[in-house]
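[1] next one to model:
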Amino acid sequence: MRAILDVVLLILQLYTWVIIISAVLSWMLAFNVLNYSNQFVRSVWNAVNALTEPLLQPIRRVMPNLGAVDISPVILLLGIFLLERIIVHYVYPYVI
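    All right, here's what the predicted structure looks like:
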């Protein structure tokens with residue numbers, strides 16, 4: 001059972017990096033450091049969006065509109081960090 005929890009924690013850590021990559025990539029696209037005409041950039045952007053948008057959209061629906069500032073990735077990261085801490089401190093020690 002601990003192996004399953006280790007895999008879950010690893011997936012959560014990898015998803016954290018995907019969210020960070022998504023935020024940085026969106027900033028780079030917004031400031032024209034990168035553009036969509038590059039096929040590699042477009043494919044990476046589509047892959048990252050496919051991974052992050054299913055969890056970010058419900059957060060965006062609940063959050064008030066803050067204009068150009070999107071804090072939904074921060075909220076999602078805080079939720080992931082909370083879930084990791086709950087698993088590490090409250091579930092992992094009691095699993096044999």
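[2] element containing the residue nearest to the spatial centre of the chain?
    Closest residue to the average C-alpha location of the chain: residue 19 at 2.9 Å, with Cα atoms, centre = their mean. Per DSSP states H and E, residue 19 falls inside helix 2-30.
[3] average pLDDT for the next helix or strand after that helix?
    Counting by DSSP H and E, the next helix or strand C-terminal to helix 2-30 is helix 39-62. On average, the pLDDT along helix 39-62 is 95.
[4] what is the mean pLDDT for the helix holding residue 19?
    96.
[5] now it and helix 39-62, what's the angle there?
    100 degrees (axes from the mean of the first three to the mean of the last three Cα atoms, to 10 degrees).
[6] what's the neighbour count on residue 49?
    By the criterion of other Cβ atoms under 10 Å, residue 49 has 14 neighbours. (C-beta placed from N, C-alpha, C; glycine too.)
[7] quick one on the thing from earlier: ok, so what distance separates the residue nearest to the centre of the chain from residue 75?
    Residue 19 is 10 Å from residue 75, where distance means Cβ to Cβ, to the nearest Å.
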